[in-house]
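# Quick one, fold the following:
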Amino acid sequence: MAGADTHSPLIESRTELIEAMSRGCKPQSEWRIGTEHEKHVFHTNPLRPVAYDGPNGIRALLEGVEAKTGWHPFYDGENPIGLRNNEVAGGISLEPGGQFELSGAPQTDLHASAAELAEHMRIAKKIAAPLDIHFLGLGVTPLWSVDEIPAMPKSRYGIMKPYMEKVGTLGTSMMFRSCTVQTNLDFSDEADMVKKLRVAVALQPIATALFANSPFVDGRESGYLSFRSHIWLHTDNDRTGMLPFAFDEGFGFEQYADYALDVPMYFVIRNGQYVNVAGESFRDFLEGRLPQLPGEKPTIKDWEDHLSTIFPEVRLKQFLEMRGADMGDERSVTALSAFWTGLLYDDIALEAAYEMIKPWSREERDRLRHDVPRLGLDAPHDRSNVFDVAAQAVGIAQAGLVRRNRLNNEGKDETIYMAPLEETLHLAKTPAERWLDRYHNEWNGDLTRIFNQAEI
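Prediction:
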């Protein structure tokens with residue numbers, strides 16, 4: 001098996017597929033909060049996207065952050081495509097259209113998450129300013145088409161892009177012009193994972209509504225409050241969606257592994273190079289029947305790479321990833337982690353949330369997933385609407401954070417990070433609707449104004 005990752009053993013049994021996820025089980029004392037977010041990048045003079053190369057490009061931004069932080073670059077060929085913080089997990093990576101992503105280190109509480117984010121933004125903006133690079137906190141870039149956005153030099157995206165164009169209508173929009181916020185949370189055992197996953201999947205459309213922040217695309221109104229979420233409905237149905245099987249009796253790590261085995265592959269990495277196996281079966285790989293690598297069988301690392309190319313609304317790895325929210329301002333990034341931490345890291349809150357979603361049918365969950373991108377908090381649900389569900393979920397989360405009782409240096413608990421959600425509920429308007437109000441009134445239809453007001 002020349003060229004495979006010599007540090008990763010061959011998969012010898014089905015048990016190892018399951019262990020790639022079950023190894024994440026840990027006692028509550030070791031639970032952490034991971035926050036990831038993506039930011040659009042743009043120049044102002046003139047207003048345009050940012051290319052990778054050149055004195056004011058993404059590469060220059062990466063190299064400046066490297067010099068400031070001492071984080072270590074990683075490469076695709078000769079091109080740096082991200083930075084790793086070797087002292088703790090976490091780092092910076094580039095999405096296909098240059099979206100600048102921070103994968104935060106696992107933090108003990110939301111106060112630490114907020115501090116990490118603030119420090120990252122301080123450094124990133126300091127390096128970016130002389131380059132006329134700015135960061136935009138929206139779920140979808142509002143002006144530029146996919147073809148107008150320079151591609152980053154990452155081999156995996158060269159494989160994904162043509163495949164996306166075959167299996168969906170908006171996959172390249174997902175790649176090049178969308179930005180999300182993601183919260184990663186732990187579980188104690190299989191039963192805890194199942195309960196959290198079910199709550200998280202069912203409530204993901206509620207999070208989408210609360211954080212809806214992408215009402216524009218191609219220089220005009222998109223017709224959606226979260227066009228980013230709409231994009232995911234038209235990306236690749238084999239690897240996206242609401243995981244209906246997770247609500248079946250007997251669901252656990254093994255059933256998720258079975259699901260992942262049937263998701264078509266993208267690539268295999270050999271000798272640092274990406275081998276295009278788009279559309280092939282991991283089951284065939286296990287049998288040594290990949291046409292591109294005849295006779296070779298996968299390693300644990302190959303399986304972990306494959307798990308990272310699955311994009312459901314909640315993704316299971318060695319932790320749970322909440323994937324339903326648009327990018328927003330700095331406060332909203334931590335607010336997403338506050339929402340999910342309050343719901344899932346307190347036993348009373350988790351039970352209350354589970355009881356709330358337990359009666360929902362698959363059809364109701366799917367209807368929410370399809371209605372919310374367009375209607376937001378006004379989407380209908382059970383003789384009422386999403387606003388009422390969101391208010392209940394936010395209340396449960398706040399109570400969970402109060403019981404956690406994690407205080408900062410000023411003696412304030414983690415509920416301080418829920419303020420953006422309280423504002424949304426008080427106004428009964430999503431962030432997207434507030435942008436639309438400005439667009440139709442004070443901006444007089446000038447969408448370029450959003451680059452100043454949504455800059456983070």
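# Report pLDDT for the closest residue in space to Leu131 that isn't next to it in sequence.
With CB to CB, 6 or more residues apart in numbering as the measure, Asn56 is the residue that lies nearest to Leu131, at 4.4 Å, once sequence neighbours are left out. Glycine gets a C-beta too; all of them are placed from N, C-alpha and C. Looking at Asn56, its pLDDT is 98.
# how close does Asn56 sit to Gly24?
41 Å (CB to CB, to the nearest Å).
# just His381 next, same as before
32 Å.
# circling back: does the residue nearest to Leu131 sit in a helix, a strand or a coil?
Three-state assignment for Asn56 (DSSP: H, G, I helix; E, B strand; the rest coil): coil.
# now for the top helix by length along the chain, which elements pack on it?
As assigned by DSSP state H, the longest helix anywhere in the chain is helix 190-210. Packed against helix 190-210, as judged by 3 or more CB pairs under 8 Å, 6 or more residues apart in numbering; DSSP states H and E, are the following elements: strand 314-316, strand 320-326, helix 330-344, helix 347-357, helix 362-375, helix 386-404.
# Work out the sheet partners of the next helix or strand after that helix and label each with its direction, please.
Downstream of helix 190-210, the first helix or strand assigned by DSSP states H and E is strand 216-217. Looking at strand 216-217 with DSSP bridges, its partner strands are strand 220-221 (antiparallel).
# Tell me the spatial nearest neighbour of Gly90, not counting adjacent residues.
Spatial nearest neighbour of Gly90, chain neighbours left out: Ala105 (3.6 Å); criterion: CB to CB, 6+ apart.
# Can you classify the one you found by secondary structure?
Taken by three-state DSSP, the conformation at Ala105 corresponds to coil.
# To what extent is it buried, counted in neighbours?
18 (other CB atoms under 10 Å).
# Surely it is in contact with Arg84?
No - applying CB atoms under 8 Å, one finds Ala105 not in contact with Arg84, separated by 10.8 Å.
# Mind listing the shared neighbours of these two?
Residues touching both Ala105 and Arg84 (CB atoms under 8 Å, 6 or more residues apart in numbering): Gly90.
# Stretch 100-113: end-to-end distance?
Stretch 100-113 has its terminal residues 18 Å apart, counting by CA to CA, to the nearest Å.
# pLDDT averaged over it - what is it?
Stretch 100-113 comes out at a mean pLDDT of 98.
# Now do the buried residues in it.
By neighbour count with 16 or more other CB atoms under 10 Å, stretch 100-113 contains the buried residues 100-107, 109-113.
# Quick one: distance of that stretch to the chain centre.
Averaged C-alpha coordinates place stretch 100-113 at 13 Å from its chain's average position (CA atoms, centre = their mean, to the nearest Å).
# ditto for stretch 333-353
Its chain's average C-alpha position is 17 Å from that of stretch 333-353, according to CA atoms, centre = their mean.
# sorry, back to before: would you mind measuring from the residue nearest to Gly90 to Thr180?
For Ala105, the distance to Thr180 (CB to CB) stands at 19 Å.
# ditto for Val275
Counting by CB to CB, the gap from Val275 to Thr180 is 28 Å.
# neighbour-wise, which of the two wins?
Between Val275 and Thr180, Thr180 has the larger neighbour count (other CB under 10 Å), namely 24 against 17.
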